[in-house]
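J.: sequence and predicted model, in that order:
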Amino acid sequence: MTDPNVTKCLFPVAGLGTRFLPVTKEIAKEMLPLVDRPIISYGVEEAIESGCRDLIMITGRTKRSIEDYFDSSFELESVLRERGRTDLYEKIHAISEMANILYVRQREPLGLGHAVLCGEPFCRDGYFGVILPDDVFVSDTAVMAQLIEVHRRLGGTVVALEEVPRSEVSRYGIVQSELAGGNVHRILDMVEKPSPEEAPGNLAIMGRYVLSPAIFPLLAERHVGTGGEIQLTDAMKRLPRTEPVWGLVYRGRRFDCGTQKGWLAANVRLALEDPELSSVVFDIVDGFRREIRPCPKRDDRI
Ligand code: UTP
């Protein structure tokens, strides 16, 4: 019997971020701010909250700032202490203590499947989590924890699912599945970015997985799929032959921070949840409304 605990989590962050150019030309997409911290921080917090202790980031050439962010910043910390800014010092220091993080370079962005394969030396001993940090979730229970709970109960691989409009299926990996009970589906097949006509349904895989190490030999075949990339979905679709693959329609709300629209929506939504920042958002909206429809001047009033 394999260990039902999932203590390792992979973060593939070596993608080029073309949907967010030009800002991603030299800045890691994962380091763009989401209110007061970078996007990547939300994924890391989710992994820790879900019980993962060892985090492995698969990084690329323009992603060094991620490593720096989670490292200790000796100079900044001593200046903050000298100036008596204990509150800020503690906040900054805590970032470097958050988790045990390892970094592996994906030398060429050959696709998500290849990025996961780069993590094999650290994850071949048991089931491991995968977090695509572009997908930021707001939920009562961390979405990775929801997946791990299904893995503990049923064993096997588990992916996060969301129902999407049929017109949008070509943006995602789409599953063919049968309902197993509650929000859990047994996955029979999956296809990466199908056309609406080809799609076997409208349940899409979102950026959270509990994966079996059996994925590695399949990825090592380096099958080139959609977009000329080594796709995780192409390897995963062969897993149901040897073990169950479950899909959980997660509880929570997702923001695709890999696009400007999703990133902006996430910033506004998270700001609205903060008592201080929500009034700033409302003031901006009110001011904007007044600019469009100026209030009548005193003398103009009837
Ligand atoms: P995306 O498909 O969102 O690609 O990758 P991307 O490069 O990040 O962004 P766009 O599409 O060009 O705008 C999904 C996840 O897989 C990682 C990405 O960093 C992201 O977390 N990835 C993708 C890699 O780590 N390596 C790759 O070769 C490709």
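T.: Thanks, I have the structure now.

J.: what residues are up against the closest residue to the ligand within the stretch 151-300 of the chain?
T.: Nearest residue of the stretch 151-300 of the chain to the ligand: Gly258, at 4.8 Å (Cβ to the nearest ligand atom). Backbone N, C-alpha and C define where each C-beta goes, glycine included. Residues in contact with Gly258 (Cβ atoms under 8 Å, 6 or more residues apart in numbering) are 17, 19-20, 29, 134-135.

J.: now those as JSON lines including secondary structure, pLDDT and distance to the ligand?
T.: Output for the contacts of Gly258, formatted as JSON lines (DSSP: H, G, I helix; E, B strand; the rest coil; pLDDT from 0 to 100; distance: Cβ to the nearest ligand atom, whole Å):
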{"residue": "Gly17", "secondary structure": "coil", "pLDDT": "91", "distance to the ligand": "5"}
{"residue": "Arg19", "secondary structure": "helix", "pLDDT": "91", "distance to the ligand": "3"}
{"residue": "Phe20", "secondary structure": "helix", "pLDDT": "90", "distance to the ligand": "6"}
{"residue": "Lys29", "secondary structure": "helix", "pLDDT": "94", "distance to the ligand": "6"}
{"residue": "Asp134", "secondary structure": "coil", "pLDDT": "95", "distance to the ligand": "5"}
{"residue": "Asp135", "secondary structure": "strand", "pLDDT": "97", "distance to the ligand": "9"}
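
J.: for PyMOL, write a command that selects the buried ones of those residues.
T.: Of those, the buried ones go into a single PyMOL selection, burial set by 16 or more other Cβ atoms under 10 Å:
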select buried, resi 17+20+29+134+135
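
J.: for the contacts of Gly258, which one is nearest Val150?
T.: Nearest to Val150, judged by Cβ to Cβ, of those is Asp135 at 17.8 Å.

J.: relative to Phe282, how far out is that closest one?
T.: In this view, Asp135 and Phe282 are 28 Å apart by Cβ to Cβ, to the nearest Å.

J.: same thing with Phe11?
T.: Distance from Phe11 to Phe282, by Cβ to Cβ: 35 Å.

J.: which one of these two has more residues nearby?
T.: Counted by other Cβ atoms under 10 Å, Phe11 and Phe282 do not tie: Phe11 has more neighbours, with 25 against 12.

J.: helices of this structure, start to end?
T.: 39-49, 64-70, 74-82, 86-96, 112-118, 120-123, 143-154, 215-220, 232-236, 260-272, 275-292 (DSSP state H).

J.: lowest mean pLDDT across these, which one is that?
T.: Least confidently modelled of the helices of the chain is helix 275-292, at a mean of 86 by mean pLDDT.

J.: and the angle from that helix to helix 260-272?
T.: Compare the direction of helix 275-292 with that of helix 260-272 by axes from the mean of the first three to the mean of the last three Cα atoms, to 10 degrees and you get 120 degrees.

J.: against which helices or strands is helix 275-292 packed?
T.: helix 260-272 (3 or more Cβ pairs under 8 Å, 6 or more residues apart in numbering; DSSP states H and E).

J.: say whether the ligand is contacted by the helix it packs on.
T.: No - Helix 260-272 does not reach the ligand (Cβ under 6 Å from any ligand atom); its nearest approach is 10.5 Å.

J.: list the buried residues for that helix?
T.: 262-263, 266-271.

J.: how about stretch 193-201?
T.: Applying 16+ other Cβ under 10 Å to stretch 193-201 flags 193-194, 199, 201 as buried.
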